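# Could you work out the structure for the sequence below:
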Amino acid sequence: MTDVRPTNLAEAFDIHLSRAPDAAALIVGDRVYSRVEIGELAERAVGMLQEKGVRPGNRVVVQYDTSPEDVAIALATARVGGTLIPVPKRLGMREINFLLGRSEAALFCHVGANPADGLTLPAGASVASSNAIRSHDRTATDIVPMPDDHCALIGVTSGSTGQPKGVMHGWRGVAWAGERMRALGRVQAGEAVMMTGAGAGAPGFTFFTYMPLVTGAAIVRATKWDPVEVLHLAQEHGCVWSCMVPTMLRMLLDARAEALGEGRLDAMRAISMGGGFMSVELIERARRELGVEVLRMYAMAECMSNASTEIDDSVDVRNMLDGRAGPGAALAVFDDDRKPLPVGAKGEIGLKGPSLLQGYLAEPRGKPDLMTPDGFFLSGDIGEMDEQGYVRIVGRKKDMINRGGYKIDPSEVEELICRHPAVAKVAVVGYPDALYGERSCAVVELRPSHMLAFDELTAFLLHEGLSKEKLPERFESRDALPLSPDGKILKAAVKAEIGTDPTSSLG
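You can find the predicted model right below:
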């Protein structure tokens with residue numbers, strides 16, 4: 001697996017299409033789309049791309065929700081040698097305009113009959129509704145050969161300036177990450193995987209479009225994010241694997257009684273999970289109530305599926321650690337001077353391997369500035385490694401709260417707060433303070449019909465063993481915490497919202 005061939009998405013799909021054209025490729029709610037239906041849509045999408053002037057190397061921005069039209073455009077873009085930029089539907093027009101300009105996109109495919117107000121196209125770019133492919137004639141064409149260093153996929157991730165960053169990947173990196181996820185879930189042709197989240201971005205596209213289509217597995221997705229519908233569909237179609245953030249798993253567990261009664265997900269082998277703190281309690285609940293193994297995963301848009309636990313790992317490893325590097329990949333821990341640290345020391349995690357990004361879109365110094373002298377990409381995450389190479393992530397470097405020189409790891413406090421029966425979601429963030437530099441604030445989303453006072457939360461945390469120095473000094477509740485399209489709590493948005501206003505502290 002260390003030398004994975006850079007498999008073009010369209011090439012792999014063609015193979016499975018020829019073998020079993022009537023097999024399911026995509027299931028959305030109660031609608032099943034066969035491989036031949038998706039293949040015909042892709043031929044129509046080729047016609048639209050060619051009409052709009054998309055040529056090899058051109059970039060296509062798509063508001064991507066893994067609809068049949070979206071998947072067809074992805075296949076067509078791969079076939080004509082283009083670069084796909086799948087963005088979540090929820091991305092605002094300001095961010096889309098920024099990406100269109102920065103990428104010098106040839107085409108923007110939008111949802112609905114018309115794009116949202118405020119669209120500004122770069123010179124020479126075209127625009128079309130994704131649904132418009134259905135009105136085009138089918139165009140059969142050979143796959144355009146592209147060099148190995150061709151950028152096939154640009155994923156979008158949040159940037160420090162408030163504007164999105166474009167993370168660039170070639171087919172080799174996408175193929176390695178897709179095969180890694182397939183192997184973790186032991187997914188085979190003819191099986192089905194359960195899609196969660198937006199399915200956009202580099203990991204979302206790789207895990208939920210590329211991997212199943214290349215494997216010959218069916219993509220199963222709900223018509224919208226509804227935990228009851230997700231569980232129904234996963235059970236009905238015998239889904240064997242999924243990937244999600246902890247928030248989504250909690251929602252599925254809460255919906256289990258309504259969706260499955262006392263039943264469990266009979267076919268589901270594993271759920272790969274990352275992107276947030278994972279308590280042992282949550283993992284054990286999934287094992288007990290859904291009959292599913294949770295494979296803790298450590299990766300990011302820049303280095304997809306780099307590390308994971310595996311089904312055959314011991315229970316203690318699966319419960320407590322965030323995995324070890326896959327074949328051909330590596331992890332290391334570094335100090336602030338980018339020098340390697342010994343086993344057991346906490347520092348910034350560095351990653352390298354086949355799925356490492358080619359670079360950042362229109363930022364030639366973006367990748368080099370984050371590399372160590374020996375070729376590791378600095379993640380911004382704080383963690384430690386053991387003698388067997390397993391990593392444990394303790395938090396984001398930028399999320400650590402420095403209260404007068406005392407470092408507070410928000411993830412530790414969040415884990416304990418999540419144990420309170422009234423709490424659905426929580427973000428612990430720092431806010432500026434004239435005396436200490438920073439103090440911490442707990443912002444919670446409560447479960448329906450629950451109440452929680454600050455003194456009650458403080459007493460609970462002390463009872464759970466949290467030291468007084470780590471107690472939140474402010475407490476606020478929200479009807480809903482802001483989430484990214486893939487279900488992660490947007491801590492930057494929470495932090496910006498609470499600002500420095502002290503009026504709600506201690507109350």
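
# ok so residue 281 is a strand residue?
No. Using DSSP: H, G, I helix; E, B strand; the rest coil, the secondary structure at residue 281 is helix, not a strand.

# nearest residue to it other than its sequence neighbours?
Among residues not flanking residue 281 along the chain, residue 419 sits closest, at 6.8 Å (C-beta to C-beta, 6 or more residues apart in numbering). In this view, the C-beta of every residue, glycine as well, is placed from N, C-alpha and C.

# What does the pLDDT read for residue 27?
As predicted, residue 27 sits at a pLDDT of 98.

# who touches the helix or strand hosting it?
Here residue 27 sits within strand 24-28, counting by DSSP states H and E. For strand 24-28, contacts defined as C-beta atoms under 8 Å, 6 or more residues apart in numbering pick out 32-35, 37-38, 66-68, 71, 192, 213, 218-223, 233, 237.

# So among those, which ones count as buried?
33-35, 37-38, 66-68, 71, 192, 213, 218-222, 233, 237 (16 or more other C-beta atoms under 10 Å).

# Residue 375: how many residues sit nearby?
Using other C-beta atoms under 10 Å, residue 375 is surrounded by 11 other residues.

# Who's the closest spatial neighbour of it, skipping the chain neighbours?
According to C-beta to C-beta, 6+ apart, the nearest residue to residue 375 is residue 352 (5.3 Å).

# Enumerate every residue touching the residue lying farthest from the centre of the chain.
Distance from the centre of the chain peaks at residue 435, with 37.8 Å (C-alpha atoms, centre = their mean). Residues in contact with residue 435, defined by C-beta under 8 Å, 6+ apart, are residue 404.

# Could you verify that it is part of a helix?
No. Per three-state DSSP, residue 435 lies outside any helix segment and is coil.

# And it, how close does it get to residue 404?
From residue 435 over to residue 404 the distance is 8 Å, taken as C-beta to C-beta, to the nearest Å.

# what residues go with each domain of this protein?
Per automatic domain parsing, the structural domains of the chain span 9-385, 401-498.

# how about the strands in the stretch 401-507 of the chain?
Ranges of strands in the stretch 401-507 of the chain, per DSSP state E, counting those that start in this stretch, are 401-403, 406-408, 423-433, 437-446, 474-478.

# Likewise for the stretch 1-150 of the chain?
24-28, 31-34, 59-63, 83-87, 107-110, 126-129.

# okay if I get those strands as TSV plus distance to residue 95?
Converted to TSV, the strands of the stretch 1-150 of the chain look like this (distance: least, C-beta to C-beta, whole Å):
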stretch	distance to residue 95
strand 24-28	26
strand 31-34	30
strand 59-63	11
strand 83-87	8
strand 107-110	13
strand 126-129	16
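
# Of all those, which one is nearest residue 314?
strand 24-28 (34.9 Å; C-beta to C-beta).

# quick one: strands adjacent to that closest one?
strand 31-34 (antiparallel), strand 218-221 (parallel) (DSSP bridges).

# Pipe these into TSV and attach distance to residue 53 and mean pLDDT per row.
As requested, the strands paired with strand 24-28 are exported to TSV (distance: least, C-beta to C-beta, whole Å; pLDDT from 0 to 100):
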stretch	distance to residue 53	mean pLDDT
strand 31-34	28	98
strand 218-221	30	98
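
# any chance of these in CSV, plus distance to residue 5?
CSV is the format used below for those (distance: least, C-beta to C-beta, whole Å):
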stretch, distance to residue 5
strand 31-34, 27
strand 218-221, 22
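
# quick one, what contacts residue 322?
So residue 322 contacts 274, 296, 297, 298, 307, 309, 383, 390, 391, 392, 393 (C-beta under 8 Å, 6+ apart).

# Near the last one, how many residues? Count them for me, please.
Taking other C-beta under 10 Å as the neighbour definition, residue 393 ends up with a count of 21.

# Look up phi and psi at it.
phi -90, psi 130 (degrees, to the nearest 10).

# For it, list each beta-bridge partner.
What pairs with residue 393, by the bridge criterion (DSSP bridges), is residue 383.

# One more: residue 157?
residue 165.

# residues touching it, list them.
Each residue near residue 157 by C-beta under 8 Å, 6+ apart is listed here: 164, 165, 167, 201, 202, 300, 301, 302.

# between the residues you listed, which is nearest residue 122?
Of all the contacts of residue 157, residue 164 has the smallest distance to residue 122: 15.7 Å, by C-beta to C-beta.

# burial count for the nearest residue to that closest one once chain neighbours are set aside?
Distances taken as C-beta to C-beta, 6+ apart place residue 156 nearest to residue 164, at 4.6 Å, with adjacent residues excluded. Neighbour count for residue 156, taken as other C-beta under 10 Å: 26.

# cool, residue 305 as well?
30.

# Same list (the contacts of residue 157) but as TSV, adding distance to residue 21, pLDDT and neighbour count.
Shown next, in TSV, are the contacts of residue 157 (distance: C-beta to C-beta, whole Å; pLDDT from 0 to 100; neighbours: other C-beta atoms under 10 Å):
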residue	distance to residue 21	pLDDT	neighbour count
164	38	85	23
165	39	91	21
167	34	97	25
201	30	93	27
202	29	96	29
300	37	90	22
301	34	93	19
302	37	95	27
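
# which other helices and strands contact the longest helix along the chain?
Under DSSP state H, the helix in the chain containing the largest number of residues is helix 35-51. The contact analysis (3 or more C-beta pairs under 8 Å, 6 or more residues apart in numbering; DSSP states H and E) places helix 35-51 against helix 9-19, strand 24-28, helix 68-79.

# can you give me the offset of the helix or strand containing residue 257 from its chain's centre?
Assigned by DSSP H and E, residue 257 belongs to helix 246-260. In terms of C-alpha atoms, centre = their mean, to the nearest Å, the centre of helix 246-260 is set 19 Å apart from its chain centre.

# now do stretch 388-396
With C-alpha atoms, centre = their mean, you get 18 Å for stretch 388-396.

# Only the buried residues of that stretch, if you could.
390, 391, 392, 393, 394, 395.

# where's the dip in pLDDT among these?
Comparing the buried residues of stretch 388-396 by pLDDT, residue 395 comes last, at 78.

# Torsion angles phi and psi at that residue?
phi 160, psi 170.

# Is it correct that it is in contact with residue 413?
No. Counting by C-beta atoms under 8 Å, residue 395 does not reach residue 413; the two are 10.1 Å apart.

# By mean pLDDT, which helix or strand of the protein comes out lowest?
strand 406-408 (a mean of 78; mean pLDDT, DSSP states H and E).

# so what does that strand touch, helix or strand wise?
Secondary elements touching strand 406-408 (3+ C-beta pairs under 8 Å, 6+ apart): strand 401-403.

# on that earlier part again, buried deepest among the strands of the stretch 1-150 of the chain, which one?
strand 83-87 (a mean of 27; mean count of other C-beta atoms under 10 Å).

# Quick check: mean pLDDT of it?
So the average pLDDT for strand 83-87 ends up being 97.

# how close does residue 488 sit to residue 301?
Counting by C-beta to C-beta, the separation of residue 488 from residue 301 is 12 Å.

# just residue 360 next, same as before
10 Å.

# ok, now residue 400?
Applying C-beta to C-beta to residue 400 and residue 301 gives a distance of 21 Å.

# In this structure residue 107 contacts residue 129, no?
No. Counting by C-beta under 8 Å, residue 107 stays clear of residue 129, with 11.4 Å between them.

# any chance of the buried residues of stretch 388-396 in TSV, plus distance to residue 289?
As requested, those are arranged in TSV below (distance: C-beta to C-beta, whole Å):
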residue	distance to residue 289
390	26
391	27
392	25
393	25
394	27
395	28
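
# from those, which is closest to residue 497?
residue 395 (20.4 Å).

# Lowest mean pLDDT across the domains of the chain, which one is that?
domain 401-498 has the lowest average pLDDT among these, namely a mean of 89.
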